[in-house]
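Enquirer: could you work out the structure for the sequence below:
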Amino acid sequence: MAQPAMGTWTNTGPIQFPVNVSGQVDGIGRVCQVKFHPTNAQKIYAVSASGGLYISNDNGQTWSVSTGTETFPTTACASVCVDHTNDQVIYLSTGDPNYYYATYGIYKTTNGGATWSPVTTNIGFRMALEMILDPTNNNTVVAATNNGIWKTTNGGSSWTQTHTGGSFRDMKLVPGSNKTLYAVTATQFYRSIDFGDTWTQITTGLTIPGGNGGLRLAVSAADTNVVYVGTTGGNGVINRSDDHGTNFTTVYNSNTQCLVCYDDNPASGSQGNYNFGLAANPQNANELLLVAHNVWRSTDGGVTWSKRTSWWNECHTDMHQIQWNPYNNTQRFNANDGGVWMSTDTLATQWSPRSDGIAATEIYRAAQSPIIRQMVSIGTQDNGELYFDNTWKCNRGGDWGTKCGFDYLPGATVYYFGTGDRRTLQPLAGDQPFNSPFDPTNNSDMEFLPNMHNVAFAGSDTIWRSTNIDNAAPAWTQLYITGETVKDIESCHADSNILYVVTNNDHLYRCDNALAASPLFTVIATPSGTAATASIATDKQDKNIVYLTCGQSIYRSANKGINWTNITLNLPALNINRVLSDDYSNTERLFVCLGNYVYYKDNAMANWSVTNGLPTIPQITDFMIYNDGTAASTLRVSTYGRGVWECNIQNNLPPTGDFVADKQYICAGDTVHFSKNLFGNVVSFLWLFPGGTPSSSVANSPVVVYNTPGLYDAKLVVNGVASSDTITKQNYIDASLGTPVSLQEGFEGNPFPPLQWQLASQGGTWQHVDTVGGFGLSTHSAFFDNYNYDAGGRHDALIAPKADLSDADSAYVTFDVAYAPYSAAYPDSLMVGLSTDCGHTYTPVYVKWGDTLATAPANGSYFVPAAAEWRKDTISLNAWLGNSVQLSFENIGHYGNTLYIDNVNIKIYPHPVGINAIGNDNTVQVYPNPTGGIFAITANGLAAKEVTITCYNMTGALITRRNVALSNGNLNTTLNLTEYPRGIYQLNIETATGQHYVRKIILE
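Expert: Okay, the predicted model is just below:
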């Protein structure tokens, strides 16, 4: 049997800017500096703090990493400088300018970034906060560093210190000048008039607050006499000089308004030198932009300021740099912890991300679903939690660093060990506690069982077990007190009765009856120290085999830990982060992650082999596996600076794959984006789109237009060396006008949302409940949990299938609703929107909130409706007859209480022929017609026990509705409309079995 082949590592992402389904503005990765090409208006450089250098050739619309920085040692990057005579020559300084520490000094490339070499002679490993090339000599560069100012005159071959000492923060060249430079530390301003050979400190008129963390500079080509110095201290002080920095005037210094804080209130706090930037308009020296947490603007030379953004909303906070595009003065670029953002708004209030391709996400912790390949959760530096389900989505903001893991239950539930909460990601829901048996901490672990989905083990310094993890409030049983910090918990893959726990105190705890009522543990001394790192793996083919990593070593035991063999062999002397085993291998295949590398070995190999393709510049933070024994099996790593990477572990299996579309239900003429996942030994692939334009493609992510209404198949043909596979999805793209007949949905089955229904989330999501239904007649409905989740007023929609009203005589929708307000202070709303353009825009046709929406009294507890706490609401669709329509049920949550809907029925009635009949069907008779007010209604042979009679006026308003029992299928009743005005009315008679009859009646 051929040995499984390892693939090459590829970037899972985020690569494209994530989709925001949370409230706070999202991001992709920390960018600390942006530079524009000296002569090419389309080319821009972005220095990512932990992911290397990125280059854009289309004015920031897309970015690609400088491949040479992938092989840097683990480092941050601070600044970039491009040779104005040859853009193949670039200088890049390492170090982190935001957290302010140096690493490996300055690197240089002469081939556009393909390869880099250090240029550190004399200057050493200092971090350059800024580097400026001499406009008249491309071999001369001045670098303002964390320890002095340095200059090279030979293209970086050697450096000379021109100013001793000083932790510099910024440096600027006076526009149009070949000689004058300004530079600042945290508290000092310097000027050079000989391009950095000598420096003079100037203090005249400067106001520098005590304890100031950093200064920034701004200059303008519109007036080269002007230079601004801004401070991080004192709420943001602005100093201005009109004589090349010889004398300064303090133009802004406020005790009541803070330019560098989270809000304009000084009490809201700031982060000092970490995030601060200042720029002057090249065409107007009196217009300034200042960034820290928010964007501020001045149009009078810094005397007065107006706040243009809020830290959580319009543009990502933690802003490091702001500048105007020198080639297009209407564009302003903002480098921040979320990436690169741009505004074309003169007032600087509207911003949008310009970061597609900056795959520089800094990940603290990550987890891979064991049952869904395309499901990963990551916690990031300042970009919240992101999750991957073929598309990267942000479901919370801020720093998110809790250790996490997935269970084996349906719904992709991730557990946050550091908070004690869990969250379902498919569909997206809010946090719910899992009733942690100990104070939540990242110094803990959880283990879930693949063959017993309701069982979990957890431990911090004590081992606990739950046998009902699927319960809303799981119960936990204490099994054993170790008194030591748990490093890893592993259930034996060959026998779930065997459980291993390793701690930080050189102990391995083994239990051979972990599922028993009273488990017993054996304490085993580990073969070496576990204080730094430790992890466990087991062999699915042999319950006696266990693997243990202890710091820089890995061991194998064939007798459940009684004896150990050191199998470290040729692994480098680095702490091993984690060991993983291949459950489908018959040769004990293992994977270990250490440093920035992943190695693998089986018992047929004499030594460990390293995998190929991982970048070395970021630190690996978590090591994960998805393994179903097929070509889809993969390893994944999360990194601090380059996102998530993946590597197939069965790369020699026959080729296969899967694909998805960004939307399936469209209007004719809409565009659909397809994406794929290929597994195994793939040589080539071909897309087939019958009825689409193009009809075929070899692009990785093709874009297809469907111009004609209809249902369309989509195919992906995957070719290998000796075999191929065709993945066909029939009727996958629905560009039809929708159903022309009535639709009924009681949310009784799975999946949720039902077929052709869609979820549109701005943060939370509608969910399926199997405990309560409309009027107590079922146990299923759709609900939104506003009690545990604060939607902050965002609209989260459950969207019904399209309905074709082009040949309808009348139509309406009914639905059951249940809601109890939490209180008047938390008024949730339900809005029903109607779209005639395939969901691109919606018009509200129903809006109720608070007491108007309520079907039960205010309730400070989690609301579960009783049978009598439901209401049936009706909406006429007659105003949209002749159209294809789509309805959205939108929760507008304000942290109130649970909202339920059920039995959504869209009633569509075709045009009747004549006053009394539909076609030749005379089953239902209405007489006399016309009449003065009382109509007799009769019918024979109806296949039902009762009918529902509704009557509408010509504006679509419901006049009356009642249920009438039948006698052996016969109807005999009257309708009294004497109290209503004269005119034409529509009468509907409908049975529960789907028969319906429409009559127009005339009231004289």
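Enquirer: how many neighbouring residues does Gly893 have?
Expert: 29 (other CB atoms under 10 Å). All C-beta spots, glycine's among them, are computed from the backbone N, C-alpha and C.
Enquirer: same check on Thr974?
Expert: 9.
Enquirer: kindly report the same for Val904.
Expert: A count of neighbours around Val904, defined by other CB under 10 Å, yields 23.
Enquirer: and the closest residue to Leu215 other than its chain neighbours, how far from Ala221?
Expert: Take Leu215 and drop its neighbours on the chain: the residue closest to it by CB to CB, 6 or more residues apart in numbering is Val184, 3.8 Å away. Per CB to CB, to the nearest Å, Val184 is found 20 Å from Ala221.
Enquirer: next one: Thr152
Expert: 26 Å.
Enquirer: do Ala516 as well
Expert: 79 Å.
Enquirer: of those two, which one has the most company?
Expert: Remark: of Ala516 and Ala221, Ala221 carries more neighbours, 15 against 11, as counted by other CB under 10 Å.
Enquirer: quick check: the more buried one touching Pro175?
Expert: Yes: between Ala221 and Pro175 there is a contact under CB atoms under 8 Å: 3.8 Å.
Enquirer: mutual contacts of these two, please.
Expert: Pro282 (CB atoms under 8 Å, 6 or more residues apart in numbering).
Enquirer: show me what contacts Asp734?
Expert: Contacts for Asp734 (CB under 8 Å, 6+ apart) come out as 664-666, 711, 756, 802.
Enquirer: specify the beta-bridge partners of it.
Expert: Note on Asp734: beta-bridge partners by DSSP bridges are Tyr665, Leu711.
Enquirer: Ser117 now?
Expert: Lys108.
Enquirer: that one: neighbouring residues, count only.
Expert: 11.
Enquirer: how close does it get to Ile989?
Expert: 85 Å.
Enquirer: residues in contact with His840?
Expert: Applying CB under 8 Å, 6+ apart to His840 gives the contacts Cys667.
Enquirer: helix, strand, or coil at it?
Expert: Under DSSP: H, G, I helix; E, B strand; the rest coil, the three-state class of His840 is coil.
Enquirer: what about it, distance to Ala868?
Expert: From His840 to Ala868 the distance is 40 Å (CB to CB).
Enquirer: now do Asp809
Expert: Asp809 is 35 Å from Ala868, by CB to CB.
Enquirer: those two: who's more crowded?
Expert: Asp809 (16 against 9).
Enquirer: tell me the phi and psi of the more buried one?
Expert: When read as degrees, to the nearest 10, the backbone of Asp809 gives phi -90, psi -30.
Enquirer: that one touches Ile908, doesn't it?
Expert: No: counting by CB under 8 Å, Asp809 sits too far from Ile908 to count as a contact (9.0 Å).
Enquirer: burial count for Tyr387?
Expert: Neighbours of Tyr387 (other CB under 10 Å): 25.
Enquirer: my guess is it is in a strand, correct?
Expert: Yes: when three-state DSSP is applied, Tyr387 is found to be in a strand.
Enquirer: who's in contact with it?
Expert: 375-378, 393, 395, 414, 425.
Enquirer: list the beta-bridge partners for the closest residue to it other than its chain neighbours.
Expert: Leaving out its chain neighbours, the residue that sits closest to Tyr387 by CB to CB, 6+ apart is Ser377, at 4.7 Å. With DSSP bridges as the criterion, Ser377 is bridged to Ala367, Tyr387.
Enquirer: measure Ser377 to Asn677 for me?
Expert: In terms of CB to CB, Ser377 sits 18 Å off from Asn677.
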